[in-house]
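Q: I'll drop the sequence and a predicted model, then ask my questions.
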Amino acid sequence: MASEREMGTTAGALSWTDMADEALVRLAQQGGAPAFDQLIVRHREAMTALAYRIVGDRDEADDLVQEAVCLAYRKLGGFRGDAAFKTWLTRITINVCIKARRRRHNQAWEPLSDLYECPSHAEREAVTRVMVAHAMARLPARDRVLLLLREYEGLEYEQIADVMGWSRARVGTAIHRARKRLRRLLEPVEEV
């Protein structure tokens, strides 16, 4: 049997970067750490962006992504391929981030009343972004994740259903409720 190195570099064989996720997963499940490393290189940036949007802190997001990578490595043998590897990795990242947010659930938030008045259009847009980010941070973790996947990541309801392990109908209902909660958190801002 050829070694992983030979498999990735022999004439006519694909290099690590050219291999599909599914092929890399199979190699990684057979003990191929370089194949797993390539999978993580391929998906780490998306994992970090998602983690940052969930927790709102770059250092914490980096730590949580590392935790998610370790967890994915430990659980790789159980990955059956029912969903795409990226979907599975996204689910792990979300779960790790939600657990972290629950650990610090009672964190106090600073009032943003000093930001309500601003003269220019550019400043109003900046304040709006801050207000939305502040309101998103106050949402329950599950609602925040759903809105991030839909509005920031641009995933379709079916893709979110795959990530969350839910039906499409449940995703639609949950996103509708999350949007309503977000609007309620933003209502005082709209009245000003």
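A: That came through fine.
Q: From now on I want contacts and neighbour counts done on CA atoms only, so please keep to that.
A: Noted.
Q: where's stretch 172-192 relative to the chain centroid, distance-wise?
A: Centre-to-centre, stretch 172-192 and its host chain are 21 Å apart (C-alpha atoms, centre = their mean, to the nearest Å).
Q: low-scoring pLDDT stretches of the chain, where are they?
A: By pLDDT under 70, the low-scoring segments of the chain are 1-14, 105-127, 188-192.
Q: Please save the CA atoms from stretch 142-149 in PDB.
A: Provided in PDB are the C-alpha atoms of stretch 142-149 (Å, rounded to 0.1, in the frame of the first residue of the first chain):
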ATOM      1  CA  ARG A 142     -29.300  29.700  18.700                       C
ATOM      2  CA  ASP A 143     -31.100  32.800  17.200                       C
ATOM      3  CA  ARG A 144     -27.800  34.500  16.600                       C
ATOM      4  CA  VAL A 145     -26.400  31.500  14.800                       C
ATOM      5  CA  LEU A 146     -29.400  31.100  12.600                       C
ATOM      6  CA  LEU A 147     -29.300  34.800  11.600                       C
ATOM      7  CA  LEU A 148     -25.600  34.600  11.000                       C
ATOM      8  CA  LEU A 149     -25.900  31.600   8.700                       C
END
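Q: Thought residue 134 was touching residue 185, still the case?
A: No: using C-alpha atoms under 8 Å as the test, residue 185 is too far from residue 134 to be in contact (9.2 Å).
Q: Residue 38 versus the nearest residue to residue 145 once chain neighbours are set aside, what's the distance?
A: In this structure, residue 145 finds its nearest non-sequential neighbour in residue 54, 6.5 Å apart by C-alpha to C-alpha, 6 or more residues apart in numbering. For residue 54, the distance to residue 38 equals 25 Å [C-alpha to C-alpha, to the nearest Å].
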